[in-house]
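K.L.:
I'd like to go over a predicted model; first the sequence, then the structure.
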Amino acid sequence: MKEKRERRQALSLTLRALSDIRKIVPGLLEISALHAAVSAFGPFLTIYLSARIIGELAGQRRPDVLWPLAGAATLCGALVLLLGGVLLRLRDAKRSLYYNRDNQLFLKKWIAMDFSDTEKAENRDLYLQIEQNTCWQGFGLSKVMECFFELIQELLGVCGSIALAAGLFTLPVPASAGGWTVLNHPGMLLLFALAVAAVLGVAPACKKQEMKGLEYLAENSRFGNRIFGVFGCFVSQQQAEAAADVRMYEQPEIIRHYLTKNMVFGAKSEHGRLYRGKLGLLGALSSGIGAVLSGLIYLFVCLKAWAGAFGVGAVSQYVGAVTALTGSLSGLLTTLEELRGNVPFLRTVYRFLDIPNAMYQGSLTTEKRADRSYEVEFRDVSFRYPGAESYALRHVSMKFKIGRRLAIVGENGSGKTTFIKLLCRLYDPQEGEILLNGINIKKYNYRDYMEVFAVVFQDFQLISQPLGANVAGGADYDAPRVKRALSDAGFGERLSSLSEGLDTLLYKDFDEGGIDISGGEAQKIAIARALYRDAPFLILDEPTAALDPIAEAEIYEKLDTIVGDKTAVYISHRLSSCKFCDEILVFKEGEIVQQGTHEALLADKNGRYAALWEAQAKYYSRG
Ligand code: ADP
């Protein structure tokens, strides 16, 4: 019962994988099937025609029969090879496309997943397992793709060889052969079937054991692979900034310990032991038994020919057909076993792809307002990170004033970034609600809601692409607007020094011609990216942390012009840069403890803001 259920589940997972593969590369399976059909039937055509030729040569040797046969054999052989070659090219092209694209399924999932789930270690681990299984033995989706081709080829191989081998049992040894007529006995067919069944039983059983072994090894080698993935090319892969650290602290020494002490892949490891022992033996056994069967087939066919059941030409046909039959049958069962063995790996794939979105997915579209009147309000919002014991935000209530500049200050860990993450709906609060124009933000379509915001996070990410594409978030962009955004963000001068302008490649990951940029420059580009988006809300989380004091002053001087009629939110450590804001929120331990203008807050001598201001003023005056 349990086995039946498992088999059904294996089938449904494999069918689901096939349907996903079709979505990744349309036409791949169809071309594969066509190529498999040609590859399967081609040899039978050759076996059949060669047998006719040999038969004729050994018999009457009529030129008017031999010539057409030889012509047909040559032509069919050439056609099959040609067609097979063309289909193979087409299949390989689609297959390469598949290997280029298969990661997209996972990338799409990462993007669609609730943000809190992207941060969970268990989900990252699941994804690493999938990557590792694929790289190691192609387990997972790609195994289904590869097996599909083999399965079709073997199925057709079985049909073709049965058709060609039928005569072996239907053509009787003539009565004149005396005792040899025993070969006509139906028991012979039974004996033959038993011998084939023995081989068929052994090869897949060996495969099953091997797959079990491999599944165990996948589990066993996870740690080793991870160490190798992180440390194997550690020194060469380190980015330029980390190279100094690597030398200074002799990090390769720490790594060497892992690479030499971790014996997951060494000769004495579990891998070595299994391959030397059980797995190696199983492989040898399945090939050996196949060879013994081939010998028996030869014997049986030759004896029947000897006794006069058929001519010498048919010998080659039957031997070829029966060998092909056992080969295809055992291949078929082995492939099915391989597919079954792949199921645990598919389960991992779908466990990841099926991670549910717990966050409510709204469908309301946000009103497109030319006057940028988007009113956002936090109403008694409390939030705790998944798995965390204490609240990161507690009873936060506030309303953004449209078109005003708001600063958020507070010590590290006081909840500033969390506040922004909730505003951008990367997380939903457990208590209270956040409203956009009076409607809970959960009710809006998420992408639509995000259009309202342009954020520069502390840990923003630029990619190794041209400067213009980085700012615009795509290759097609409005160049004058990109230039203006860069210039507003303080990158104008540097831009004019770049000979390739907006086409300048950032970083050297793809091309030696790429430029390396400093942290401050990167921050300016990130700010330009947010400006280019021209969203009603501009949020800058520690926007100037990597800038030198002069660049910082420049940005703040320009800020009023840059921000224009947008509602702006700044999170900053440097209180001096907040005093120009219309309003300041002071966070402490997840709560808003003060709210007001710089002057008003400073006037409250016992307040948190005055204390922070005092502390920083001292620090600066000392410098
Ligand atoms: P700030 O931006 O003011 O430095 P954060 O909003 O980043 O503060 O952090 C507020 C609190 O939430 C801190 O106690 C921090 O440790 C915790 N926190 C931040 N991010 C996470 C996270 N992803 N998971 C669990 N706790 C977090």
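P.N.:
Noted; the coordinates are in hand. All figures in this text were calculated on a predicted structure; none of them were measured in a lab.
K.L.:
In the stretch 51-200 of the chain, which residue sits closest to the ligand?
P.N.:
In the stretch 51-200 of the chain, the residue that lies nearest the ligand is E119 (5.4 Å; CB to the nearest ligand atom). Glycine gets a C-beta too; all of them are placed from N, C-alpha and C.
K.L.:
Please report phi then psi for D516.
P.N.:
Phi and psi for D516, reported as degrees, to the nearest 10, are phi -90, psi 140.
K.L.:
pretty sure it is touching L505, no?
P.N.:
No. Contact criterion CB atoms under 8 Å: D516 and L505 do not qualify, at 10.7 Å.
K.L.:
In terms of packing, which of the two has more residues around it?
P.N.:
Shown here are D516 and L505; by other CB atoms under 10 Å, L505 has more neighbours (19 against 12).
K.L.:
For the more buried one, give me its contacts.
P.N.:
Each residue near L505 by CB atoms under 8 Å, 6 or more residues apart in numbering is listed here: S464, Q465, P466, L467, D511, G513, G514, I515.
K.L.:
let's see 10 Å
P.N.:
S464, Q465, P466, L467, A469, N470, D511, E512, G513, G514, I515 (CB atoms under 10 Å, 6 or more residues apart in numbering).
K.L.:
can you check V312 too?
P.N.:
By CB under 10 Å, 6+ apart, the neighbours of V312 are A51, I54, G55, L57, A58, G59, C302, A305.
K.L.:
redo that, cut-off 6 Å
P.N.:
By CB atoms under 6 Å, 6 or more residues apart in numbering, the contact list for V312 reads A58.
K.L.:
Parallel or antiparallel, list what pairs with whichever strand or helix holds H395.
P.N.:
Following DSSP states H and E, one finds H395 within strand 393-399. Under the criterion DSSP bridges, strand 393-399 sits next to strand 376-383 (antiparallel) in its sheet.
K.L.:
returning to that earlier point: now the helix or strand following the strand holding H395, how far from the chain's geometric center?
P.N.:
Next helix or strand after strand 393-399 toward the C-terminus (DSSP H and E): strand 405-410. Chain-centre distance of strand 405-410: 39 Å, with CA atoms, centre = their mean, to the nearest Å.
K.L.:
Near the ligand, which residues of the stretch 401-550 of the chain? Just list them.
P.N.:
G410, N412, G413, S414, G415, K416, T417, T418 (CB under 6 Å from any ligand atom).
K.L.:
for the stretch 1-150 of the chain, what spans make up the helices?
P.N.:
In the stretch 1-150 of the chain, the helices defined using DSSP state H, counting those that start in this stretch lie at 2-24, 28-58, 63-112, 115-118, 121-137, 141-170.
K.L.:
quick one on the thing from earlier: now, which of the contacts of L505 sits nearest the ligand?
P.N.:
Once CB to the nearest ligand atom is applied, the member of those that ends up nearest the ligand is N470, at 25.0 Å.
K.L.:
follow-up on the earlier one: could I get the helices of the stretch 1-150 of the chain in JSON lines, plus columns for distance to L601 and mean pLDDT?
P.N.:
Output for these, formatted as JSON lines (distance: least, CB to CB, whole Å; pLDDT from 0 to 100):
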{"stretch": "helix 2-24", "distance to L601": "56", "mean pLDDT": "89"}
{"stretch": "helix 28-58", "distance to L601": "64", "mean pLDDT": "89"}
{"stretch": "helix 63-112", "distance to L601": "40", "mean pLDDT": "91"}
{"stretch": "helix 115-118", "distance to L601": "32", "mean pLDDT": "88"}
{"stretch": "helix 121-137", "distance to L601": "40", "mean pLDDT": "87"}
{"stretch": "helix 141-170", "distance to L601": "57", "mean pLDDT": "90"}
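K.L.:
Could you say which one of these comes nearest to R340?
P.N.:
Relative to R340, the nearest member of the helices of the stretch 1-150 of the chain by CB to CB is helix 2-24, separated by 5.5 Å.
K.L.:
what about the stretch 501-623 of the chain, any weak spots by pLDDT?
P.N.:
Filtered on pLDDT under 70, the stretch 501-623 of the chain yields the residue ranges 543-547, 551, 619-623.
K.L.:
let's go with 90 and repeat that
P.N.:
Under the criterion pLDDT under 90, the flagged ranges of the stretch 501-623 of the chain are 501-524, 527, 531, 533-536, 540-568, 570-582, 598-599, 602-623.
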